[in-house]
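Show me how the following folds:
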Amino acid sequence: MSLVPYWLRHLRNLAYRDPVTRVFEDPFAVFAKDPFFRDPIKYFKQVTAPFEHDHGIEGIYSDSEVKVDGKKVEVHLDVQNFTPDQIQVKTVGNEITVEGKKELKREDGWTRSHFERRFLLPEGFPPERVECHLDKGKLKLVAFRAEPLPERKIPIQDKSGSDSANEKS
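Okay, here's the model as predicted:
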């Protein structure tokens, strides 16, 4: 019997365990594991997400759920499986809690559905100024700013005239 097949199998297994040897066998396998090279668009969205969506409402929400401008904050939730008496909206401190519960009795037992969402209001949006509307299965929470931001005129400083005056001196 020859020991050559044993040694070849041993070398092949060694190649699979040694990362340096694996790079020489398939140099592009390294790129397949890197999230940047697998899906660069998704990678950039994840990296830039904290900067793009800094609207003061904490948590993980999609853009369609939260809309913020200077005067109000709007939160849209899909609650089409719940009736208004099964939904409870309350504020505790600076937090809005939306909770939905329902139980259905069927022939073979009970079916329970429950959800709970919490939103922290940004500074300047008091919980007393929160309104809630339900329309066609869409719950809309609107929080208004305590006092509207005053309009102010910003003076324009002309730097070009002072630079030309300095050059002539």
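
Residues contacting stretch 135-150, please?
Applying Cβ atoms under 8 Å, 6 or more residues apart in numbering, the external contacts of stretch 135-150 come out as 70-81, 87, 89, 96, 98, 119, 121, 124-127, 129-134. Just so you know, the C-beta spots here come from the backbone N, C-alpha and C atoms, and that holds for glycine as well.

Could you tell me the end-to-end distance of that stretch?
Counting by Cα to Cα, to the nearest Å, you get 33 Å between the two ends of stretch 135-150.

Equivalent analysis for stretch 69-86, please.
Distance across stretch 69-86, first residue to last, is 30 Å (Cα to Cα).

Now it: average pLDDT?
Taken as a whole, stretch 69-86 has a mean pLDDT of 86.

all strands of the protein, in order?
66-68, 72-78, 87-92, 95-106, 109-120, 130-135, 138-144 (DSSP state E).

of all the ones you listed, which lies closest to Pro5?
Of all the strands of the chain, strand 109-120 sits nearest to Pro5, with 61.3 Å by Cβ to Cβ.

any idea how far Ala32 is from Asn81?
41 Å (Cβ to Cβ, to the nearest Å).

Where does the record place the domain boundaries for the chain?
4-50, 56-144 (automatic domain parsing).

Just put the ones you listed in TSV and tack on mean neighbour count.
Converted to TSV, the domains of the chain look like this (neighbours: other Cβ atoms under 10 Å):
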stretch	mean neighbour count
domain 4-50	10
domain 56-144	13
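
among those domains, where is the model least confident on average?
domain 4-50 (a mean of 69).

What is the neighbour count of Pro150?
5 (other Cβ atoms under 10 Å).

Please report how far it lies from Ser160.
In terms of Cβ to Cβ, Pro150 sits 30 Å off from Ser160.
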